[in-house]
Each structure stands twice: as structure tokens, then as C-alpha cells.
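Novice: With the sequence up front, the predicted model follows.
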Amino acid sequence: MANYADYLLMWLTRQGVTRIFGNPGTTELPLIEALARQSQIEYVLGLHETAVCAMADGLARLTRHIQVVSLHAAPGLANAEAMIYNAAFSHSPLLLLIGQQDTRLSYERPFLGADLKDRIKPLVLDVWDITDPDHLLRSLRQAWARLQVEPSGPVALILPMNILSQSVENNEDPLWQAPVVPVRTTNQPSQEIIEEFVSLLARPIPKALVIGDRAVTNPEVLPALFRVAHYGHCDVFSEPFATQLTFLPWNDGCYYGRLPRQEKDLARRLAPYRHVIGLGTEMFRVFTRDEDHLPWWDQAQVTQVDSDVRYFHYAPGTTSILSSLDAFIIGVANDLPDGIPCEPRAVSGIQDLTRPRAEEWETRDGTEQFWSSLASWISPDMIVVDESISGQNALLRHLQRQEPKTYYAQAGGSLGWGIGAAVGMCFDQGKPVIAIVGDGSALFGLYALWTAAQYQLPVRVLIYDNHGYQILKDQLPDNPRAHSLLDIRGPTIRWQPLLAGLSCPVFESELPKEPWEFEKVWQQFISQRGPSVWVVHEKI
């Protein structure tokens, strides 16, 4: 007789799920046995919850399809929380199936038991704690419906092992067989709102247009966004914590790159503008706040357009428009007159971020030449997964991404995401994928390479080894004592044996000094059948 674990998999199969990423424990044994009894859903084994969550997150971000992750009770959830935190900020549609101890032991402080609902609740959109088998189906349907509404994000079901292993009676609820009706959102902007926004664009005042990741999830909006920006003579920025680079053509005259994350620099960047327009962005989110705090929004009018009220910032002078982002952008573009000028109006005092000042090119030991060479060898259709951290600014000075869905960076700040996300994207079997990670990031996420080797996924991982946490050193200038506390040396990491243990070919080199040196290693690195790693050592 089938049990509830069998019915769970049957239901997921009907929703189009073809794989579950997981790292199992005792509480997942009913699910593992059920997986072994069927062939429609593949179980993708990872060596650690960091790896399996990052893999699912990467695939979810690339495809925008719901991905399923199985986690092992309290210890597994604890291991996975850093990657769930990232997925929450990137709005990745993840269904987390969290194992739980037998409910009959709940009053005995059981081994592996904990109050998982309170632990996971701050990181997910919603959580369902299944304490009765009758609740499983309805909770599944609610969770699936929530995942379909943008902005999406992780949701969680807590599944006690004794409920999953319980037999299902023959007269089980027919809803198990019923299809899930897709959730359709019809939050369309009114014609009046569109006309008011078009009038705003036509005003002859300095305007900044800040584009968030959620505004460009659908590549089909890009032509409309291009028309909106040029009609309004807007200077266009991506949000401070942008994780995609598919807003306007890279060489477009009105695109000024990503806004700075420090509040002082952000205020200085936006100071010349009389009106700041945000589309699907958390443009008020900053990394540091200075003692001489001066909110930039005190100097300008702000219009925010978003599909979720949680991201509105009710500062003085702010107008908030709740609407489907795709519908709003396309609706405004369709309302614009023909013959939109293509030359943006220059605003004095604003520096083009894609063309840094000469002194900004002076980086340590020729690293700028390395990032330039790397960017030139990455093909236009290759997906770049960026967790380079301290090297990110240099990389983005040279990396031109005009193909949609070819650049992703981590959103939350939890290290260890990059390699796993790239491995997960390879399951889509589409474009080639390269992860560019720092040595600190790599050491958090190497586990995912075992899964890549098992499936012979052609993922490329470039580890930029500067022998420490350089991003922190950069924030502590002229403090050698503090720098010594942030070094990863003495002993240095021995990458060859470490990666050999994960069955992954590895190439090591110092920073290439000549183009032919770069090309020689690159061709070997890129031509492997399965996964491969190139460790580039920066001399310090």
C-alpha cells in the first residue's frame, strides 16, 4: 500500500517536478524509499546542504521554474540557512521539504527534533508545519500557489517522518488527483496612471531611472524599457545590489552602471537629479551608513513602481505605484509617441561608471589586465555566475553582457553560493556556465563539485586566490595588523589534492602576464568534458 511519501512524489510529478536536490538523514528515509519506488523524479545528491540549496537556487533563478530541496531536520536546516537567506533576496521559487522527527516523540526533547517553524519563518515567504496527514495535501497546494506569485521566494513544508511513512487509505481525498489551477495575477495599471507616468517622463528635469532585478526577470520587457528610458531622457542605473546585468545595451549612452552601496556615495551619485524613478528595486537598501547621515531622498522626488508593497519606502515626497512590473513597463512603452529620440540628455556632475577614472585602473600587480583578458574570452552566450567579491568591480568594468540571462550574482551576501549555483544551472543543459569565485567563497562551496563530477556537468570554476579576505582588507586601509588576521596562508590552501578528492581536474597558475599565457590555460580549462577548475594565484 502506498504511503504519504509516495503521494507527495506523485503530486509533485503532476506539477512537472523532475528532480529533488537533497542531502538526506534519518528523517528523510521514508522519502528516499519512495523515490526508489518511482522513476519520474530524480534525486540529485549533494554532500552538504550548502551545495544542494545553492544548486536549486541557481537552477530556479535561471529557469524561473519551481525547484524542490529536501533538508534533514534541525541540523540540515541549520546548514542550509545561509543559502536560503540568499534565495530569499533573489526571490528564487524554492519548495523546501524539511524532515522532522516522529511527532509521537515531540514531548520528549527528541534527538534531531526542534521547533523548525520558528527557525525557518524569518527566511521564507510562508511555512506549513504538517502535524496531521490530512493537512499535507492542502498545505502543498497552498505552498505551490504562493510560489507562482511574483515576487516569489522560498517556502517550506515541515514533514515528520511518521506522517510520510503512514499508509494512505484507498478512499483518499480526490484532490490528490486534481490539477492545480495556475495563479493568475491581473494587477494591471490603469490608463490614468500610465498617462501620469508618461507626463512625468516628458518633464524637462534631470531624471534618474533605477532598474531592479525584478523589473527585468522577463527579457521581453527590455525593448520597452529601452524606449521608456530614452523618451524620458533618463540616466539609467542598476540598483546597488543588482545581481543581473540585462538592462540596456552595455554601450548605450544613458546606462551608468550599478549604484554604489555606501550611503554617502549613493547620495553623491543621485544628488544632481530632481526626480528618481525606481522600477522593481530596493534602491534604499545600502551596505553602510555614515555618521554624517544625509538621506538622498530629501533632495528629490521619488516614484517607486513595484508588484509588492513590502519594497515601498514611504519617505517624504515618494509616490508609490502598485502594479505588475511587466504590465507597467510595456503599458507605458505602448503609450509613448512614435519617433522617440535616441540621444540621452547629459547631466553635469555625473561620471560614466562604465569608464572609470585613470586612477581606478591602478589595481594590485596587474590584476586589471587579467580581468580584461578574462572578460574578452568569455563568449557572449556563456552564463557567468559571479561570486568574485573583491574582484567584482574590476570584472564588471570589462564584462559586457547583452544576452539576457547570462549574468548572475549572489543577492544576500552568504558566501558559498557561486559554485553550487553554477552546477545547478548546468542541469538546464543550455548555455555553457562559468563560476568566478574568490578563494574564501570557494572554500565554503566546494562540495558542489562532487555532484558536478557525478553527472559530468561541464561547469567551469575560476577561483581567484588572493590568499585572504581581501574585501575586508579593502575596508581597513593602512592597518597591516588587522590585515594579518584576515590572511588565508601559513599554511596556504593546497588546491590540487583538495580538488582531486572531488574528482575534478584543476589547473593552477599565477596571474598571466602575457595574452598567450592566458590563452594556453584557458583553452585547457574550457575544453574539459566534465567540470574543471582554474585557480589563479594573485601575488601579494
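Specialist: Cool, got the structure. Since this is a predicted model, take the numbers as computed values, not measurements.

Novice: end-to-end on stretch 488-504?
Specialist: One end of stretch 488-504 sits 22 Å from the other (C-alpha to C-alpha, to the nearest Å).

Novice: ignore the last one, stretch 308-320
Specialist: Taking C-alpha to C-alpha, stretch 308-320 runs 11 Å from one end to the other.

Novice: same deal with stretch 67-78?
Specialist: 20 Å.

Novice: same deal with stretch 187-207?
Specialist: 26 Å.

Novice: Name the residues of that stretch that are buried.
Specialist: Pro189, Ile193, Ile194, Phe197, Val198, Leu200, Leu201, Pro206, Lys207 (16 or more other C-beta atoms under 10 Å). C-beta here means a position set from N, CA and C on the backbone, and glycine is covered the same way.

Novice: Repeat that for stretch 479-487.
Specialist: Buried residues in stretch 479-487, counted by 16+ other C-beta under 10 Å: His483, Leu486.

Novice: Just checking the distance from that stretch to the centre of its chain.
Specialist: Distance of stretch 479-487 from the chain centroid (C-alpha atoms, centre = their mean, to the nearest Å) equals 31 Å.

Novice: check contacts around Ala375.
Specialist: Shown in contact with Ala375 (C-beta atoms under 8 Å, 6 or more residues apart in numbering): Leu395, His398, Leu399, Gln400.

Novice: same deal with Cys53?
Specialist: Phe21, Val69, Leu71, Ala80, Met83, Ile84, Ala87, Leu94, Gly420.

Novice: same for the longest helix along the chain, what does it pack against?
Specialist: When every helix of the chain is counted residue by residue (DSSP state H), the longest turns out to be helix 73-90. The contact analysis (3 or more C-beta pairs under 8 Å, 6 or more residues apart in numbering; DSSP states H and E) places helix 73-90 against helix 49-63, strand 67-71, strand 94-100, helix 116-120.

Novice: pLDDT on it, on average?
Specialist: Averaging pLDDT along helix 73-90 gives 96.

Novice: still on that earlier bit, now, the most widely separated pair of the contacts of Cys53?
Specialist: Spatial extent of the contacts of Cys53 (C-beta to C-beta) is set by the pair Leu71 and Gly420 at 14.2 Å.

Novice: what's the neighbour count on the closest residue in space to Ala74 that isn't next to it in sequence?
Specialist: With sequence-adjacent residues excluded and distances taken as C-beta to C-beta, 6 or more residues apart in numbering, Ala74 is closest to Ala114, at 3.8 Å. Residues lying near Ala114 (other C-beta atoms under 10 Å) number 16.

Novice: again with the one 3 residues further on
Specialist: For Lys117, the count of nearby residues is 15 (other C-beta under 10 Å).

Novice: again, but for Val286
Specialist: Based on other C-beta under 10 Å, the number of other residues close to Val286 is 20.

Novice: can you check Val384 too?
Specialist: 22.

Novice: Equivalent analysis for Gln142, please.
Specialist: Residue neighbour count, defined by other C-beta under 10 Å, stands at 14 for Gln142.

Novice: repeat for the one 3 residues further on
Specialist: A total of 14 residues lie near Ala145 under the criterion other C-beta under 10 Å.

Novice: so what's it closest to, chain neighbours aside?
Specialist: Counting by C-beta to C-beta, 6+ apart, Val183 is the residue found nearest to Ala145 once chain neighbours are left out, at 5.2 Å.

Novice: Enumerate every residue touching the one you found.
Specialist: Contacts of Val183 by C-beta under 8 Å, 6+ apart are Ala145, Gln148, Val149.
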